[in-house]
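Novice: Would you be able to build a 3D model of this:
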Amino acid sequence: MGMAAWKRVGVCLTAVAVVAGVAGCQDGDGGGTKKKAADSAGSGVQTQNEMTEVLQAAFKNTSDAKSSKVRMTMTVPAAAGGGTMEMSGVQGWDPAVMDVTMKGSALTAGDPDAPEQVRMIMLDQAMYMDMGAEQAAEMDGKRWMKMDFGAIAEASGDPEIQKQMTGGMENMNQDPAQQLALLLGSENLKHVGPEKVDGVQTQHYKGTLTIEEMLDANKALDGVFTAQEREQLVANMKKTGLKGYDTEVWVNEDNYPAKMVVGMQMDSGEMKMTAHYSDYGAAADVEAPPAKDTFDFMEMMKELEGLGADSEAGLDA
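Specialist: Predicted structure coming up:
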């Protein structure tokens, strides 16, 4: 596999990590309230009870919808590699699926031969990435690379990595409204006020979460880490310079999140994800690429290791 292909693998894995990390983490039934987000549009800042009712209603509605169309932009600070990535397509939850097309400077920077866009499919705890026609020519016509997260975690032989991978995949089963649930746990939740997003009236909310608060709210990690392991995980995250999460949500008149912005503050700068959601309940008929067009990342790595071992044996002889 050429260097350009490996670069695209790295970029897509970064995208997966970001999506998994901000996909939201708290379970709950959403309360069942029917209050409209726009009810307080003309009455100034909402009270704590009003904010809670709106966000709980949005959580329930979005959880029930199970899918939506998504348009997402991620920016990475220059010190961490830099670049922008745009993703658009459909996302489903319960079960977690995604079929998106990615483009942006994060894919093409420093590689004039890189494709302008890459399609990525996620389902059944695996990611499929279209590596392009050039890669297909090198792989017997197979242009789709499959990355099985469970197999990668198992092959690592590291229980810590396996636990983190398991937690990450559990997070991918969460829907966008989970950000609303996280906001409900923020001690400094604020109602910014009414704003228009994509031509529709919304109510804007914002809050911040520390690393500890994010992990406390992450029910997907319950029972995964011991207290000592959790403490080490927090320490490792802080070593990367991650200071916390700034979260903003715009809830439309039908109590669905129309837009979300999550910023992760680090020593190297801010990594930000901005997502626009629409067509809640849209069919997420995501299918894996045909097996005849797919090669497995882990199997390829094993073959490369075998070739390396054979070469060393030849030199020893």
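Novice: C-alpha only now, for contacts and for neighbours.
Specialist: Fine.
Novice: The closest residue in space to Thr247 that isn't next to it in sequence: helix or strand, and which one exactly?
Specialist: Nearest residue to Thr247 in three dimensions, chain neighbours excluded: Val262, at 4.6 Å (C-alpha to C-alpha, 6 or more residues apart in numbering). Here Val262, judged by DSSP states H and E, is contained in strand 257-266.
Novice: Okay, the residue nearest to Thr247 and Pro176: tell me how far apart.
Specialist: Separation of Val262 from Pro176 (C-alpha to C-alpha, to the nearest Å): 11 Å.
Novice: which one of those two has more residues nearby?
Specialist: Taking other C-alpha atoms under 10 Å, Val262 and Pro176 do not tie; Pro176 has more neighbours (30 against 23).
Novice: so the more buried one, which of the three states?
Specialist: Put simply, Pro176 is coil when judged by DSSP: H, G, I helix; E, B strand; the rest coil.
Novice: Does it touch Thr62 like I think?
Specialist: Yes: using C-alpha atoms under 8 Å, Pro176 is in contact with Thr62, at 7.2 Å.
Novice: which neighbours do those two share?
Specialist: Shared contacts of Pro176 and Thr62 (C-alpha atoms under 8 Å, 6 or more residues apart in numbering): Pro257.
Novice: intersection of neighbour lists for Val262 and Pro176?
Specialist: By C-alpha under 8 Å, 6+ apart, no residue touches both Val262 and Pro176.
Novice: Over to Pro289: give its phi and psi.
Specialist: phi -60, psi 160 (degrees, to the nearest 10).
Novice: Relative to Ala258, how far out is it?
Specialist: Distance from Pro289 to Ala258, by C-alpha to C-alpha: 30 Å.
Novice: More neighbours: which of these two?
Specialist: Ala258 (27 against 16).
Novice: so what's that one up against?
Specialist: By C-alpha under 8 Å, 6+ apart, the residues touching Ala258 are 197, 202, 249-252, 276-278.
Novice: on that earlier part again, against Lys60, how distant is the residue nearest to Thr247?
Specialist: To Lys60, Val262 is 20 Å away according to C-alpha to C-alpha.
Novice: For the spatially closest residue to Ile211 that is not a sequence neighbour, name its beta-bridge partners.
Specialist: Spatial nearest neighbour of Ile211, chain neighbours left out: Gly244 (5.4 Å); criterion: C-alpha to C-alpha, 6+ apart. Beta-bridge pairing for Gly244 (DSSP bridges): Gln265.
Novice: Would you confirm that Gly244 contacts Leu209?
Specialist: Yes: counting by C-alpha under 8 Å, Leu209 is a contact partner of Gly244 at 5.8 Å.
Novice: who has more neighbours, these two?
Specialist: A count of neighbours by other C-alpha under 10 Å puts Leu209 above the other of Gly244 and Leu209, at 22 against 19.
Novice: for this structure, what spans make up the helices?
Specialist: 3-22, 48-65, 105-108, 133-138, 149-156, 159-171, 178-184, 211-217, 227-239, 297-316 (DSSP state H).
Novice: what about Met98, how many residues close to it?
Specialist: Neighbourhood size, Met98 [other C-alpha under 10 Å]: 25.
Novice: Oh, that last question was meant for Ala65, not what I typed.
Specialist: 18.
Novice: Under the pLDDT cut-off, which ranges of the stretch 1-150 of the chain? List them.
Specialist: 1-44, 79-81, 108-114 (pLDDT under 70).
Novice: so who does the closest residue to Gln91 other than its chain neighbours touch?
Specialist: Leaving aside its chain neighbours, Gln91 sits nearest to Met98 (4.5 Å; criterion: C-alpha to C-alpha, 6+ apart). Shown in contact with Met98 (C-alpha under 8 Å, 6+ apart): 89-92, 120-123, 284, 286.
Novice: Just the buried ones from those?
Specialist: By neighbour count, with 16 or more other C-alpha atoms under 10 Å, those hold 89-92, 120-123, 284 as buried.
Novice: could I get the residues you listed as CSV with distance to Glu231?
Specialist: What follows is these, written out as CSV (distance: C-alpha to C-alpha, whole Å):
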residue, distance to Glu231
Gly89, 37
Val90, 36
Gln91, 33
Gly92, 32
Met120, 34
Ile121, 34
Met122, 31
Leu123, 31
Ala284, 38
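Novice: What is the nearest of these to Gln56?
Specialist: Gly92 (19.9 Å; C-alpha to C-alpha).
Novice: so the closest one touches Ala284, yeah?
Specialist: Yes: using C-alpha under 8 Å, Gly92 makes contact with Ala284 at a distance of 5.8 Å.
Novice: which neighbours do the two share?
Specialist: By C-alpha under 8 Å, 6+ apart, the residues touching both Gly92 and Ala284 are 67-68, 98.
Novice: State the distance from Val45 to Thr52.
Specialist: 13 Å.
Novice: the more surrounded of the two?
Specialist: Thr52 (21 against 16).
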